[in-house]
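Student: Return a 3D structure for these sequence lines:
(chains A, B and C)
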Amino acid sequence: MSKKEWPLWEVFISGQHGLNHRHVGSLHAPDAEMAINHARDVYTRRKEGVSIWVVPSKEITASSPSEKGPLFDPAESKTYRHPTFFDIPEEVGKM
Amino acid sequence: MYAQLVKSDALKSREEMSPEEQAFQERIDNGEKIEPKDWMPEGYRKTLIRQIGQHAHSEIVGQLPEGNWITRAPTLERKAILLAKVQDEAGHGLYLYSAAETLGVSRDELFEALHSGKMKYSSIFNYPTLNWADMGAVGWLVDGAAIMNQVPLQRTSFGPYSRAMIRICKEESFHQRQGYSIMMKMAFGTPEQKEMAQDSLNRFWFPALMMFGPSDKDSVHSAQSMAWKIKMNTNDELRQKFVNETVPQAEYLGLTVPDETLAWNEEKQGYDFAEPDWNEFFEVIKGNGPCNRERLEARVKAWDDGEWFRDGLNAFAEKAAARRLAASVAAE
Amino acid sequence: MSDQIAASGAPQDPFVSDAALKPAFFEWLCRMGDNALVLGHRTSEWCGHGPVLEEDIALANTALDLIGHTQMWLGLAGEVEDEGRDADKLAYLRDAFKFRNVLLVELPKGDMAVTVMREFLFDAYHHLLLSWLAENSNSPRVAEIAAKALKEVSYHLERASDLVVRLGDGTPESHRRMQDALDLLWPYTGEMFEGDALDTAVAEAGIAPQPEDLKADWEASVQEILDEATLKAPETAGFFHKGGKQGRHTEHLGYILAEMQFLQRAYPGASW
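Tutor: Okay, here's the model as predicted:
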């Protein structure tokens, strides 16, 4: 008797044409083609998607939590990257 | 609840905590989510595996009592609704197993623990579904009780568990309502239908109350789980809330809650009600409920009978990958 | 509920009130609806018992689609008959000899090999038939239902074909089980392509194709998948089981109905 579990896949779904694919969850499948079919059956039961990506979970490289400071903190000081940083007089109109 | 008797560690005081544990507890107190790669106390990880695993097992064993009526549903629409609901439970089991897997345990290992009896599932699913009104009562009472616990769990501290709960709560919003809609049809239907509805409430009332787990005074180690925000309310709090919400719903149906001591208590602004028979509860947990043997046998059979299927698909995937590799080598 | 929705927005269709065609058209619609109903019933038996969670969920999707098709076909059958029977009454209050499904779909679900192989053999036919109906049927109502069902059945066929190939060419055990399933089911496939007077009447009206006309395409597409799956259709020398389309069934259908119709029969007139 074999003890081999189907590999784990991460599923990304785009809900509408043109929108980003978003991570929705995981599932098991023997290969990529079946992972796509399973993703359709498992994660779009309520017509949630128009496009599916699957990625083997083991191929995901994640930032390690201890790097959280150096990776993300610098952006915090660059508030000029956000539109609300700039005060535009109201009479100029919507911008 | 779907996870009723989860062993956890004894609550540690600040002084007993290592610096890492203190920092960890602070993050939780600040409402931060813990993600799989973050440092976590071993007890937190183990307790979560037990709790999420138990919750996942409850979803898939929970398919069986309702699945029992799919082929006997009385109309095409009821059949479709019931099938969709039981299918959702399989999906919820899948989301929860995935959340547990981020903690370093495989789904197969969790299945093995379920099949060997090492891990438990909710006591409620060891009760039989005997007439069609039970499809109503299960949706109304069992899903109703589950939702009481699952809604606050959306805010639980472990990220993957919280996200699974959010998805589950979103999908489950129709489950309780479809149950109550069956109850209404039955309670307002023919005399026989009303009799079925009452019979069903009689059988499911106390088992539903048991879903919240033993009384707080007998509940082991729930303080630590609450500090870790993997348990959000005490058992008695949720049970009281459930009774308060459910009794008027039963009255609306014209059904009698099978508890002669049930009475409104003005002072506590809630109902006084009889405790379920906790001896029965512990017997069911031990494996002596009316359907324990059948439920577990059905799960084990599905798994064992499916082995050749899973292996066959694995073997093909390996062959296909080897062929692709050989083809690309040949092309070079 | 869904058949009422279908009816309210439905296109004008002279065949629906064609008195001369009524008996044949009604029976033909029952054949369509009963195939979906009975196969959906068998498929739904897997719910909670599937070999792996992902497959459990996929099978429930297939069963749900088929129940939806049943509501549409039997709903239209009830309209054509015009005697006050809706899809539920037709599904729950006819006895076995009034059912018009092919024998193939009522056989017990067996193991996953039988389930997958049956789905494949039936879907390959179902897909051809629905494609023809969606494109060519003179009946706008039939074409409309077929177009809706076709989208779902295209996926069923894709999924079933894929599984047949994978399991046929998987392990020795999966291969053996798939071959056994094919041997068991093959003698039931001929019925799908044998027309009778009723089929001819509906075909002459341009509503549906002659069943025989689908056979060559079915054989070709099935053969292609079986080859890829390393499976071999048995020699039957022209023999096959039949009778379901005319109401002569296997013993299995009676038990399906005993289960399915129990509540409607035990509590006549109740509302659920």
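
Student: what does chain C have sitting close to chain A?
Tutor: C:52, C:53, C:54, C:57, C:58, C:61, C:155, C:159, C:162, C:166 (C-beta under 8 Å from any C-beta of the partner chain). Any C-beta I mention is one placed from the backbone N, CA and C, and that applies to glycine too.

Student: What sits closest to the fifth one if chain neighbours are left out?
Tutor: By that I understand residue C:58. In space, and not counting its chain neighbours, residue C:58 is closest to residue A:41: 4.1 Å by C-beta to C-beta, 6 or more residues apart in numbering or on different chains.

Student: And the strands in chain A?
Tutor: Using DSSP state E, the strands of chain A run over residues A:8-14, A:22-28, A:51-56.

Student: would you list these in CSV and tack on distance to residue B:312?
Tutor: Converted to CSV, these look like this (distance: least, C-beta to C-beta, whole Å):
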stretch, distance to residue B:312
strand A:8-14, 19
strand A:22-28, 15
strand A:51-56, 21
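
Student: so which of these comes closest to residue A:89?
Tutor: strand A:22-28 (37.5 Å; C-beta to C-beta).

Student: what does chain A have sitting close to chain C?
Tutor: Checking chain A against chain C by C-beta under 8 Å from any C-beta, the hits are A:6, A:27-30, A:33-34, A:37-38, A:40-42, A:45.

Student: Then the stretch 1-150 of chain B?
Tutor: B:60, B:63-64, B:67, B:70-80, B:83-84, B:86-87, B:90-91, B:93-94, B:97, B:132.

Student: what number of residues lie near residue 31?
Tutor: Chain wasn't specified; assuming chain A. A total of 20 residues lie near residue A:31 under the criterion other C-beta atoms under 10 Å in any protein chain shown.

Student: switch to chain B, that's the one I care about
Tutor: 9.

Student: burial of the closest residue to chain A within the stretch 101-250 of chain C, as a residue count?
Tutor: The nearest approach of the stretch 101-250 of chain C to chain A comes at residue C:159, 6.0 Å away (C-beta to the nearest C-beta). Applying other C-beta under 10 Å, we find 22 residues neighbouring residue C:159.

Student: How about the contacts made by the nearest residue to it once chain neighbours are set aside?
Tutor: Nearest-residue entry for residue C:159: residue A:37, 6.0 Å, with adjacent residues in sequence omitted and distances by C-beta to C-beta, 6+ apart. The contact partners of residue A:37, by C-beta atoms under 8 Å, 6 or more residues apart in numbering or on different chains, come to A:29, C:58, C:159, C:162.

Student: Now do the contacts for the residue of chain C positioned farthest from its centre.
Tutor: Farthest-out residue of chain C from its mean C-alpha position, per C-alpha atoms, centre = their mean: residue C:172, at 30.5 Å. With C-beta under 8 Å, 6+ apart as the criterion, no residue contacts residue C:172.

Student: how close does it get to residue C:88?
Tutor: Using C-beta to C-beta, to the nearest Å, one gets 46 Å for the distance from residue C:172 to residue C:88.

Student: Show me where the stretch 51-200 of chain C has its helices.
Tutor: C:53-81, C:87-92, C:112-136, C:140-168, C:172-185, C:197-204 (DSSP state H, counting those that start in this stretch).

Student: could these go into a markdown table alongside distance to residue B:19?
Tutor: Below are the helices of the stretch 51-200 of chain C laid out as a markdown table (distance: least, C-beta to C-beta, whole Å):
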| stretch | distance to residue B:19 |
| --- | --- |
| helix C:53-81 | 41 |
| helix C:87-92 | 67 |
| helix C:112-136 | 54 |
| helix C:140-168 | 53 |
| helix C:172-185 | 54 |
| helix C:197-204 | 81 |
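
Student: most tightly surrounded among those helices?
Tutor: helix C:53-81 (a mean of 25; mean count of other C-beta atoms under 10 Å in any protein chain shown).

Student: from the contacts of residue A:37, which is closest to residue C:48?
Tutor: residue C:58 (13.6 Å).

Student: What residues does that closest one make contact with?
Tutor: A:37, A:38, A:41, C:159.

Student: unless I'm mixing things up, residue B:93 is touching residue C:53, no?
Tutor: Yes: counting by C-beta atoms under 8 Å, residue C:53 is a contact partner of residue B:93 at 6.2 Å.
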